[in-house]
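Student: just coords:
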């Protein structure tokens, strides 16, 4: 029986006191808000100040609502002036003070909390002890101590990790963890990792390791690249970094905004609770399509998606030149003079005058729609000058022709007002326009690969994922449409952010990276990914290929995560054999733990019997890890027959694209599995995963590295060579 830590009762009492202070803080904030709501009068300035104050109170109330998350998770004892005196600080999710304004809990992001994550035996950072708590809700289950230096803290031989729950691992034979061990809070870390997955990503604020904390607390400026293999925690580290930057640079980041860009909606749903659990609920979390409004998109699997060739071309940077040419082609002089009746005579717009107007507008205006008003005014001026009545000026001509078919046709021929959707709808629906725009950019063959049948109306078009960045690029050159009086609506402009986080960045094309760059206010970004997992149409070979399209105001920094926390060593051994073929030369992360069982590989007698075998393996795995989250990862085209087999076997299941990972058993298309994690995974037909996707071996590597406990591979065809 494990002996109870001698300080367990005292620490539990301190945690209870911290929660009492939390409740008191929340009650005080509610009282203040009720007082401000009662007074609705006063001057505009008074109302503005009251609303601002109320918003701050609401935010504080949101921070104080922790839900099921633990408030306190550790403590450090800092060496005071005397070697035998120590100053304790309890580290938690947010700062809490008592009624005398004395600190009870220190926010994990505060400078004083840094040694909790960074101190080592060689660099103790002024602390004598680091204490980790194993907590469920408000209940303290165990304590793990790490001692630094020669200080004496009054610990007996029986101090260290102890608890009253069976199955929680100790840090070794001794009760006190060595201060120079490779991992911080090893037993607490393992306990956290080995908990069952819940369908959404949780924060790691209690178990952040030193190399992760270095990334989280690194300076805001410039582009920070986080290269991390499967299971290294790169996604959650990037989200914690966003929370840390908002804490450290509250002004101006809170006004400038923080943007998180994910690869798909399944992934966004998976990570949606991390930042709110850290007290930062106001961060925009989007996929790229969310940033382009006013159009409709195809859903995964819908007909009409781009061919692989078209998707690759649409991702290339030269598409910007093609779009520029397409816009220039819509800014054209008249081919011949236009004569229109006016009053008792005529007005005339000569082709030469129209050429001069277009040439000047191109020179004066960087954005197309901004030049429309100038073109209009110049046309009215030329028409007014072409008739003999001195009392008739441009204003009268404008009133006479602006809303007529003749007047509109002249202006639309010379300089039409365009939305991005209108421009690309016309361009992709016309082989002639594609050939014209392709001059000095790409071959006619490549240009015609972009052609698709024109819809009756631009409103009927369902745009593809590859079109998103093109629509955004076109808007950057076109600008917003003029509103009433010809004025541009600035509210439609692209919003910029003070910091941007991009996950799975290795799969973004140059055009998509440019789209993200447009939204950077100051070049501050955290980009996260793994070159070995790149499966996009233009997969990069190095981070230089990615950085070439991102802000360069400051030199970029590349930091690698070398330790894999999530994936058992036996599974990584199999996956690494695949990675060596997929991306030779790239170093795989080192797994910190050994699982209970190695991967299981099961072969079906035939392709027809494969779905039924998968269903039986789901049942087997459910028995092996009861109550776990299980995922069946398969080629996208196999999901319907696998779903039918699971239904016939009486297995309730969900689909990742519809229900996220909320079900006990989830069918996950290999196209959206990146970044997700489950307790148990069944990978179906690896050879088809390899053959169906351009970078199929990398996709297989991704599929094999999603499990935290058990992996089964079910196949009918021969396995890919690295798995044999």
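Tutor: Everything's here; your move. No experiment lies behind these values; they were computed from the predicted model shown. Numbers count the residues shown, from 1 in each chain.
Student: can I assume residue 465 is in contact with residue 302?
Tutor: No: counting by C-beta atoms under 8 Å, residue 465 stays clear of residue 302, with 10.8 Å between them. Quick note: C-beta positions are derived from backbone N, CA and C, even for glycine.
Student: of these two, who's got more company?
Tutor: residue 465 (18 against 10; other C-beta atoms under 10 Å).
Student: how near is the more buried one to residue 547?
Tutor: Counting by C-beta to C-beta, to the nearest Å, the gap from residue 465 to residue 547 is 23 Å.
Student: run a quick neighbour tally on residue 413.
Tutor: Neighbour count for residue 413, taken as other C-beta under 10 Å: 15.
Student: report whether it is found in a helix, as I expect.
Tutor: Yes: counting by DSSP: H, G, I helix; E, B strand; the rest coil, residue 413 is part of a helix.
Student: excluding its backbone neighbours, what's nearest it?
Tutor: Nearest residue to residue 413 in three dimensions, chain neighbours excluded: residue 334, at 6.6 Å (C-beta to C-beta, 6 or more residues apart in numbering).
Student: surely the one you found and residue 348 touch.
Tutor: No: under the criterion of C-beta under 8 Å, residue 334 makes no contact with residue 348, lying 11.1 Å away.
Student: quick one: the helices in the stretch 451-600 of the chain, in order.
Tutor: 467-478, 510-518, 543-547, 569-582 (DSSP state H, counting those that start in this stretch).
Student: which elements pack onto the second one?
Tutor: Read that as helix 510-518. On a contact count with 3 or more C-beta pairs under 8 Å, 6 or more residues apart in numbering; DSSP states H and E, helix 510-518 meets helix 308-315, helix 319-328, helix 467-478.
Student: about what we covered before: pick the most buried one from the helices of the stretch 451-600 of the chain.
Tutor: helix 467-478 (a mean of 23; mean count of other C-beta atoms under 10 Å).
Student: report the mean confidence score over that helix.
Tutor: Averaged over helix 467-478, pLDDT sits at 98.
Student: run through who's touching that helix.
Tutor: With contacts defined as C-beta atoms under 8 Å, 6 or more residues apart in numbering, helix 467-478 is touched by 288-289, 291-292, 295, 297, 306, 314-315, 319-320, 323-324, 327, 367-369, 418-421, 423-424, 463, 494, 509, 511-512, 514-515, 518.
Student: drop anything exposed from the residues you listed.
Tutor: Buried members of the contacts of helix 467-478, scored by 16 or more other C-beta atoms under 10 Å, are 288-289, 291-292, 295, 306, 314-315, 319-320, 323-324, 327, 368-369, 418-421, 423-424, 463, 509, 511-512, 514-515, 518.
Student: how about low-confidence regions in the stretch 451-600 of the chain?
Tutor: For the stretch 451-600 of the chain, applying pLDDT under 70 flags the ranges 485-486.
Student: low-confidence ranges in the protein?
Tutor: 1-2, 35-64, 82-84, 150-187, 191, 194, 196-197, 485-486.
Student: quick check: longest helix in it by residues?
Tutor: Counting residues, the longest helix found in the chain (DSSP state H) is helix 8-38.
Student: what about it, distance to the chain center?
Tutor: Helix 8-38 sits 34 Å away from the centroid of its parent chain (C-alpha atoms, centre = their mean, to the nearest Å).
Student: could you pull out the strands for the stretch 251-400 of the chain?
Tutor: Along the stretch 251-400 of the chain, the stretches classed as strands by DSSP state E, counting those that start in this stretch are 258-261, 284-286, 296-297, 338-342, 345-349.
Student: nearest to residue 115, out of the ones you listed?
Tutor: strand 258-261 (26.5 Å; C-beta to C-beta).
Student: can you list contacts of the closest one?
Tutor: 239, 242, 245-246, 271, 275, 280, 283-288, 497-503, 516, 519.
Student: just to be sure, residue 694 is in a helix?
Tutor: No: looking at residue 694 with three-state DSSP, it is coil, so not inside a helix.
Student: phi and psi next, for it.
Tutor: phi -60, psi -50 (degrees, to the nearest 10).
Student: hang on, isn't it packed against residue 535?
Tutor: Yes: Residue 694 lies in contact with residue 535 (C-beta under 8 Å); the separation is 7.4 Å.
Student: looking at those two, which is more packed in?
Tutor: residue 535 (22 against 14).
Student: was I right about the more buried one contacting residue 697?
Tutor: No: with contact defined as C-beta under 8 Å, residue 535 does not reach residue 697; the gap is 9.4 Å.
Student: helix/strand/coil for the residue nearest to residue 17 when sequence neighbours are not counted?
Tutor: Nearest-residue entry for residue 17: residue 104, 6.8 Å, with adjacent residues in sequence omitted and distances by C-beta to C-beta, 6+ apart. Applying three-state DSSP to residue 104 yields a three-state assignment of strand.
Student: and residue 104, what does it touch?
Tutor: With C-beta under 8 Å, 6+ apart, residue 104 has these contacts: 17-18, 21, 90, 96-98.
Student: reformat those residues as CSV; add distance to residue 132 and neighbour count.
Tutor: What follows is these, written out as CSV (distance: C-beta to C-beta, whole Å; neighbours: other C-beta atoms under 10 Å):
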residue, distance to residue 132, neighbour count
17, 19, 16
18, 16, 18
21, 22, 18
90, 12, 24
96, 19, 23
97, 23, 13
98, 24, 14
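Student: contact partners of stretch 541-555?
Tutor: Against stretch 541-555 from outside (C-beta under 8 Å, 6+ apart): 221-223, 225, 227, 317, 505-506, 508, 510, 513-514, 516-517, 520, 522-523, 525, 527, 529, 531, 540, 556, 558.
Student: now a ChimeraX select for only the buried ones of those.
Tutor: To isolate the buried ones among those in ChimeraX, judged by 16+ other C-beta under 10 Å, type:
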select :222,223,225,227,505,506,508,510,513,514,516,517,520,522,523,525,527,529,531,540,556
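Student: which of the contacts of stretch 541-555 fall in strands?
Tutor: Judged by DSSP state E, the subset of those located in strands is 223, 225, 227, 525, 527, 529, 558.
Student: surely residue 244 is in a helix?
Tutor: Yes: under three-state DSSP, residue 244 sits within a helix.
Student: against residue 473, how distant is it?
Tutor: Going from residue 244 to residue 473 by C-beta to C-beta gives 33 Å.
Student: how about residue 649?
Tutor: Counting by C-beta to C-beta, the gap from residue 649 to residue 473 is 48 Å.
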